[in-house]
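> I'd like to go over a predicted model; first the sequence, then the structure.
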Amino acid sequence: MEAWMSVEQAKTLYAKWIDELWHADPKEMGAIAAEISAPDFVGHWPTKDIYGPDQLAEMIRDGVSLFSSVRVEVTVGPLVEGDLVSARWMFRGVYNGEFPGSPVEAGAEVSFSGMDIMRYAEGKFSEYWVCSDGIQFMEQLGFVPKP
């Protein structure tokens, strides 16, 4: 495969990231992660880095497991420049009550926004940076008092 993709190919790959990976049955996440991310993939979350498609699937599986009715929608983009794709998204879900220490009861609707920057090579994502509104998320789960 070529190292560079067309803008449309890059957008299609990002659509698989949002529409397929984040909404997949947890048992299918590993296969989808392997399809769209390189074996040497590195994902940079605020608290840790993860490596490879298996750790990527595990990270996403763990995150979405706290919610039902998960919906991740792109609100801006994706924008493509060179070997980078970026987009702003909105996460929505119904909290299942299983986040340790949260005083919020199951059934609460949670939403927060974030941005992705992704590097691609040879038709797959090779590196990922995420920045999300953790304060908004933590307020909704009762960890931070609302202003």
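Received, thanks.

> which residues in this structure form helices?
With DSSP state H applied, the chain shows helices at 7-15, 29-36, 52-64, 134-140, listed in chain order.

> what comes up buried for stretch 140-147?
Using 16 or more other Cβ atoms under 10 Å as the burial criterion, the residues of stretch 140-147 that qualify are 140-141. (Each C-beta comes from the backbone N, C-alpha and C, glycine too.)

> could you do stretch 31-49 as well?
Going by neighbour count (16+ other Cβ under 10 Å), the buried part of stretch 31-49 is 32-34, 36-38, 41-43.

> and those residues as a markdown table, adding distance to A57 and pLDDT?
Rendered in a markdown table, the data for the buried residues of stretch 31-49 read as follows (distance: Cβ to Cβ, whole Å; pLDDT from 0 to 100):
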| residue | distance to A57 | pLDDT |
| --- | --- | --- |
| I32 | 8 | 98 |
| A33 | 4 | 98 |
| A34 | 8 | 98 |
| I36 | 11 | 97 |
| S37 | 9 | 98 |
| A38 | 14 | 97 |
| F41 | 11 | 98 |
| V42 | 14 | 98 |
| G43 | 11 | 97 |
